[in-house]
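> give me a 3D structure for the following:
(one chain, ligands or ions: 1)
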Amino acid sequence: MGKREHGSGNTPKITRRDGEPQTLDPKEKLKERVAQPNGMELQIATKIGPLACFHKGRLPWGNTTPPGPAGNPLLGNLLYVIGPLRNNPHRGLASLAETYGPILSLRLGLTRTLLVVSSAAAAHEALSKNDGALAARLVPDNLQPAVEAAPLVIGAGFSSARGLDVIRPILERRAGQLAGYLRASSGKPVNIREAVNGTVLNIISNVLFSEDVVDLSVQGTQMFKGLIVPVLEEWSKPSVCDAFPSFAPLEHFLGSRHRISTHLAKLYKFFDQGIIERRLASSENHNDLLDVLLARYAASKLSRQEITTTVTVQWAMAQLLRHPEKMKKVTAELATQLGSSDFVMESDLNKLPYLQAVVKETLRLHPAVPLIPREVIADDVSLGGFDVPNGTGVVVNLWAIGRDKNVWPHAEEFIPERFLAGQEVHTMLGKLDFVYRPFGAGRRVCPGMEYTARSVPLLLASVLHKVEWRLPDGMAPEDMDLSDRYGTVLNLATPLRAVPVSPV
Ligand code: HEM
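Numbering: from 1, shown residues only. Sure, this is the predicted structure:
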């Protein structure tokens, strides 16, 4: 079977195994696909073409449908999406892209079509050239209650320069608290995710309502965590309404929408009774966001900040423990630059280029948000030479782009050095430009980017400075399990445990 590469215009190039490139017009392209091993299925899909292409009452694709696996006449690729693709969709979509090319299509039921974008060039076209046309977030049915309940009020607090200045002392104090906790735990195995997560939650809760919600010394027993985890788990599951919107009323009463609303109600009660009522009863001015915002809106945005920061610190630690020579480099840099000072300050970060490179390389290999879901909201949009109708879902696979072998030398390896200034070649293209976009791009780019650029290096430095880390039970670095699991964010499948040892 040939590997497809999309060129410009409506004439995708197909490179065969024998290396002969060939340019086909769309009709020829279709015949070529029918001749492939899965041609039988494709012929069926082609025969029911008008039905398969039915999208919001239109027949949009004509003969230029981007390639993709043929599916069931009624369900399209739905069974595939809620079956094999349900677990780790970033990997499943990346391997589909190896067969069908950097722009492929999946049909969900009768009414939805999803384009999957898996190369830097195609992502540039989608998120930069077509920024306005793809500015809508494709919201899975499960997330509707949260989106309805939570306007993007928190983004402003965490992305404006003034907001970040207010956050700095809180960030530094909590990072120092984390360092103190780790040093006090010397010799005992620590669940790194829980420790970092507790710290991040306390940073956010202090910004919002000047209170800690997590006691770092009591791992795994926090009430707040118990409330938020079920919401996140339910959010990450696909809903049948994504493909069949007419099932929505049933879902409201019996399905995941109902379960999410129940969990959110408990979370809001925690805020209403635990935080807001106490606040209302006191006449004190706390000078925090709760003084100006309704915590009800804030609650559902907490999750994203907490988990993206935590998983990134956790992945960085995992990679450093897996590569002791890189760990030595980063701790040596900390020792040289910070000397005897006990705690890391935000102003120290620009003296730590290797640590910053570790964070960048971590986000390349393990982007916390590996898939960007957008929706086309304009007519006359084209991607890779395919006309893309209004209403089409577009998923950009950042994970696949970060590991593109045509762009990154030794793409699967952890090499922070590629991000150091003065290195000749960052990528095979010689420049980073669109090949490195762990925060997305365009008008929907992540508003937490600036906050992350400060908080993740600061927390990582606080975890590493003056602490030597060992793997538990004499485990060898090469025996570590670095496989991932995509729920709400891209997480380690096996929680990372390591032993901090404070130097005497
Ligand atoms: C490691 C850290 C993080 C990563 C890798 C990350 C990544 C992303 C990505 C890829 C998107 C989609 C962008 C697009 O569609 O082009 C996004 C959106 C978003 N992020 Fe982040 N993020 C991180 C941290 C944060 C933090 C700390 C916050 C809050 C302070 C945050 C708040 C948001 C919000 C509200 C959106 C939706 C923006 C919109 O739809 O307009 N993120 N993030």
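
> what number of residues are in the vicinity of the residue of the stretch 1-150 of the chain found nearest the ligand?
The ligand sits closest to residue 137 of the stretch 1-150 of the chain, with a gap of 4.8 Å, by C-beta to the nearest ligand atom. To be clear about C-beta, it is placed using only N, CA and C from the backbone, and glycine gets the same treatment. When neighbours are counted by other C-beta atoms under 10 Å, residue 137 registers 13.

> can you give me phi and psi for it?
phi -80, psi 130 (degrees, to the nearest 10).

> and for stretch 90-98, what's in contact with it?
The contact list for stretch 90-98, computed with C-beta atoms under 8 Å, 6 or more residues apart in numbering, reads 3, 68-69, 84-85, 104, 116, 118-119, 370-371, 395, 397, 399-400, 403, 486, 490.

> quick one: that stretch near the ligand?
No. Stretch 90-98 stays clear of the ligand (C-beta under 6 Å from any ligand atom), getting no nearer than 11.9 Å.

> got the CA positions of that stretch in CSV?
Below are the C-alpha coordinates for stretch 90-98, written out as CSV (Å, rounded to 0.1, in the frame of the first residue of the first chain):
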residue,chain,number,x,y,z
HIS,A,90,-3.4,10.5,19.9
ARG,A,91,-1.6,7.3,19.1
GLY,A,92,-4.4,5.7,17.1
LEU,A,93,-4.8,8.8,15.0
ALA,A,94,-1.1,9.1,14.5
SER,A,95,-0.9,5.5,13.1
LEU,A,96,-3.9,6.2,10.9
ALA,A,97,-2.0,9.2,9.5
GLU,A,98,0.9,6.9,8.6
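
> secondary structure element for residue 206?
Element membership for residue 206, per DSSP states H and E: helix 192-209.

> that helix and the ligand, any residue contact?
No. Residues of helix 192-209 are not located near the ligand by C-beta under 6 Å from any ligand atom, the shortest gap being 8.3 Å.

> what number of residues lie near residue 307?
By other C-beta under 10 Å, neighbour count at residue 307 equals 24.

> so what's it closest to, chain neighbours aside?
The shortest distance from residue 307 to any residue other than its chain neighbours is 4.9 Å, reached at residue 489 (C-beta to C-beta, 6 or more residues apart in numbering).

> residues near the one you found, how many?
Other residues lying near residue 489 total 22 when counted by other C-beta under 10 Å.

> where does it land on pLDDT?
Here the pLDDT value assigned to residue 489 is 85.

> in contact with it, which residues?
Going by C-beta under 8 Å, 6+ apart, the list of residues near residue 489 reads 307, 308, 311, 368, 369.

> secondary structure element for residue 488?
Residue 488 belongs to no helix or strand, assigned by DSSP H and E.

> look up how far residue 201 lies from it.
Using C-beta to C-beta, to the nearest Å, residue 488 is found at 15 Å from residue 201.

> who has more neighbours, those two?
residue 201 (25 against 19).

> now the more buried one: how far from residue 71?
In this structure, residue 201 and residue 71 are 42 Å apart, going by C-beta to C-beta.

> now residue 164
46 Å.

> what of residue 338?
Taking C-beta to C-beta, one finds residue 338 at 56 Å from residue 71.

> repeat for residue 173
In terms of C-beta to C-beta, residue 173 sits 54 Å off from residue 71.

> same deal with residue 383?
For residue 383, the distance to residue 71 - C-beta to C-beta - is 21 Å.

> for the ligand, what are the nearby residues on the stretch 401-504 of the chain?
For the stretch 401-504 of the chain, the residues in contact with the ligand (C-beta under 6 Å from any ligand atom) are 438, 439, 440, 441, 442, 444, 445, 446, 447, 448, 451, 452.

> give the bridge partners for the nearest residue to residue 107 once chain neighbours are set aside, please.
Take residue 107 and drop its neighbours on the chain: the residue closest to it by C-beta to C-beta, 6+ apart is residue 76, 3.1 Å away. Counting by DSSP bridges, residue 76 is bridged to residue 72, residue 108.
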